[in-house]
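Enquirer: Next come a sequence and a model predicted from it.
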Amino acid sequence: MRHSIIDLHPQRILIRSTNWIGDAIITTPAVRTIRRNFPNAKISILALPWVADVFAASPHVDEVILYQKKKEHSGMAGMWKLAGLLAEQRFDLAILLQNAISAAILTKLAGIPARAGYTTDGRALLLTNGVKLRREVKKIHQVNYYQEMLRGLGLVCGSNELFLQLPEPDIAWARAQAGGLGPGPLVGLNPGAAYGPAKRWPAGYFKQLATLLRRELRATMVVFGTGADAEAAREIEQGAPGHVVDLAGKTSLAQAMAMIGVCDVFVTNDSGLMHVGAALKTPLVAIFGSTNSITTGPYSDNAVIIQKNLPCRPCYKTTCETGFRCMLEITPQEVFAVVRKILVGAPTSQVR
């Protein structure tokens, strides 16, 4: 690193967001750190459309710029077009939370004079202010990953607490939806995970859990996810007919996030929506299979992680070829017992 970016006194800052919902949520403490170190700067964040709602109502950014990577900004021609649009805004500084070399190329093409970030992915020569990624940072929660980068750039880092502010119309919509569902606890179920099937607790287990929740606790369930989770949602509905609301693929991200915020408990795979629940402080039951709960678990004091200590995990594989024990050994009865304890206020271990 040549010097602290504080010494640059930037007036117009571009943040390149990460590309996935969970990663974007994990960067929210870093975005807050940037705002607090540059309280008078205009801060814009460049984000893909499916994560833009994470920052739409954030007081820490002044503008969300959409990176339409699958439309007008696709390919090299699209990147040149986007670079031209960014150049018109005359940014003084780009802070690259996304690690890809493409982020450094784009901001170089945009003529942004100061470009800061980790020197990973072969982009050291494209950065004016680079930070070397220390090995020990990879072993702790990823919230620290982005904060440590900013610390390396000379910023004073604030709290690691996740931050998510939602638009008032979406909050009002979620409250109205919840208010029309009748008495009893409202339990969110999230059977999806974009990473691959190795992160997905079986839909049949979610179905059995729905049956237990309705029979024992008179709960109403809301199923979250994308259109890709429609089949799983239909199977879950069979576990408690008439008492499961299928929202998979039927809401905006902001509406889904607001709905998670009104749930009494949220049962979820390791996914982007899991991190949403953590940021909103919704009581969570997070089910982990192939991934590492230490580095990517819900960053929340209001979460219980259920996982099996097997010699093969975390394997980080997208699919399992050795029996899927890490997920199959987590029973619906085990998850139900944790949900019950949360709802009645009984003490629970944060990792089971």
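Expert: Now that the structure is in, tell me what you want to look at. Numbering: from 1, shown residues only.
Enquirer: Report how many residues lie close to I95.
Expert: Using other CB atoms under 10 Å, I95 has 27 other residues around it. Every C-beta, even on glycine, is put in place using the N, C-alpha and C of the backbone.
Enquirer: can you list contacts of the one helix or strand it maps to?
Expert: Using DSSP states H and E, I95 sits in strand 93-96. By CB atoms under 8 Å, 6 or more residues apart in numbering, the residues outside strand 93-96 that reach it are 5, 8, 10, 12-16, 34, 103-104, 107, 110, 112-118, 127, 150, 153.
Enquirer: Please list the outside residues in contact with the helix or strand following it.
Expert: Using DSSP H and E, the helix or strand that follows strand 93-96 in sequence is helix 101-109. For helix 101-109, contacts defined as CB under 8 Å, 6+ apart pick out 14, 16, 79-80, 82-83, 86, 91, 94, 96, 115, 117, 121-123, 126-127.
Enquirer: related to what we said a few turns ago, the strand holding I95 pairs with which strands, and in what direction?
Expert: With DSSP bridges as the test, strand 93-96 is paired with strand 12-16 (parallel), strand 114-118 (parallel).
Enquirer: Could you tell me the angle between the last one and helix 101-109?
Expert: So that's strand 114-118. Between strand 114-118 and helix 101-109, the angle comes out at 170 degrees (axes from the mean of the first three to the mean of the last three CA atoms, to 10 degrees).
Enquirer: just how off-centre is strand 114-118 within its chain?
Expert: 23 Å (CA atoms, centre = their mean, to the nearest Å).
Enquirer: what about the following helix or strand past that strand, average pLDDT?
Expert: On the C-terminal side of strand 114-118, the nearest following helix or strand under DSSP H and E is strand 129-131. For strand 129-131, the mean pLDDT works out to 95.
Enquirer: Against which helices or strands is strand 129-131 packed?
Expert: strand 114-118, helix 142-152 (3 or more CB pairs under 8 Å, 6 or more residues apart in numbering; DSSP states H and E).
Enquirer: which residues in the stretch 151-300 of the chain form strands?
Expert: 186-190, 220-223, 244-246, 265-269, 284-287 (DSSP state E, counting those that start in this stretch).
Enquirer: which strands and helices sit next to the second one?
Expert: What it means is strand 220-223. So strand 220-223, by 3+ CB pairs under 8 Å, 6+ apart, packs with strand 186-190, helix 203-217, helix 230-237, strand 244-246.
Enquirer: contact partners of the first one?
Expert: By CB under 8 Å, 6+ apart, the list of residues contacting strand 186-190 from outside reads 178, 206, 209-210, 213, 219-225, 236, 259-260, 262-269, 271, 273-274, 277, 282, 339.
Enquirer: Partner strands of that strand and their direction?
Expert: Checking strand 186-190 against DSSP bridges gives partners strand 220-223 (parallel), strand 265-269 (parallel).
Enquirer: ok so, going back, which one of the strands paired with strand 93-96 is the most hemmed in?
Expert: Counting by mean count of other CB atoms under 10 Å, strand 114-118 has the highest mean neighbour count of those, with a mean of 25.
Enquirer: show me what contacts the closest residue to P298 other than its chain neighbours?
Expert: Nearest non-adjacent residue to P298, counting by CB to CB, 6 or more residues apart in numbering: A278, 3.8 Å away. A278 makes contact with 25, 162, 284, 298-300, 302-303 under the criterion CB under 8 Å, 6+ apart.
Enquirer: The nearest residue to M257 once chain neighbours are set aside: how many residues sit nearby?
Expert: Excluding its sequence neighbours, the residue lying closest to M257 (CB to CB, 6+ apart) is V276, at 5.0 Å. V276 has 31 neighbours, counted by other CB under 10 Å.
Enquirer: contacting residues around V276?
Expert: V276 sits next to 21-22, 25, 164, 256-257, 260 when contact means CB under 8 Å, 6+ apart.
Enquirer: next one: F266
Expert: Here F266 is in contact with 187-188, 190, 260, 273-274, 277, 282-285 (CB under 8 Å, 6+ apart).
Enquirer: Nearest to S293 among those?
Expert: M274 (10.4 Å; CB to CB).
Enquirer: dump the residue contacts of the nearest residue to that closest one once chain neighbours are set aside.
Expert: The shortest distance from M274 to any non-neighbouring residue, by CB to CB, 6+ apart, is to T268 (4.4 Å). Taking CB under 8 Å, 6+ apart, we find T268 in contact with 188-190, 224, 274, 277, 284-287.
Enquirer: Only C-alpha atoms, please: export stretch 243-261 in PDB.
Expert: These are the backbone C-alpha positions of stretch 243-261, laid out as PDB (Å, rounded to 0.1, in the frame of the first residue of the first chain):
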ATOM      1  CA  HIS A 243     -50.900 -23.600   6.900                       C
ATOM      2  CA  VAL A 244     -47.900 -23.000   4.700                       C
ATOM      3  CA  VAL A 245     -47.600 -19.800   2.700                       C
ATOM      4  CA  ASP A 246     -45.400 -20.300  -0.400                       C
ATOM      5  CA  LEU A 247     -43.400 -17.100  -1.200                       C
ATOM      6  CA  ALA A 248     -40.600 -18.800  -3.200                       C
ATOM      7  CA  GLY A 249     -40.000 -16.700  -6.300                       C
ATOM      8  CA  LYS A 250     -43.100 -14.600  -5.600                       C
ATOM      9  CA  THR A 251     -41.600 -11.500  -4.000                       C
ATOM     10  CA  SER A 252     -38.900  -8.900  -4.500                       C
ATOM     11  CA  LEU A 253     -35.800  -9.400  -2.300                       C
ATOM     12  CA  ALA A 254     -36.800  -6.400  -0.200                       C
ATOM     13  CA  GLN A 255     -40.200  -8.000   0.500                       C
ATOM     14  CA  ALA A 256     -38.700 -11.300   1.300                       C
ATOM     15  CA  MET A 257     -36.200  -9.700   3.700                       C
ATOM     16  CA  ALA A 258     -39.000  -7.800   5.400                       C
ATOM     17  CA  MET A 259     -41.000 -11.000   5.800                       C
ATOM     18  CA  ILE A 260     -38.000 -12.700   7.400                       C
ATOM     19  CA  GLY A 261     -37.900  -9.800   9.800                       C
END
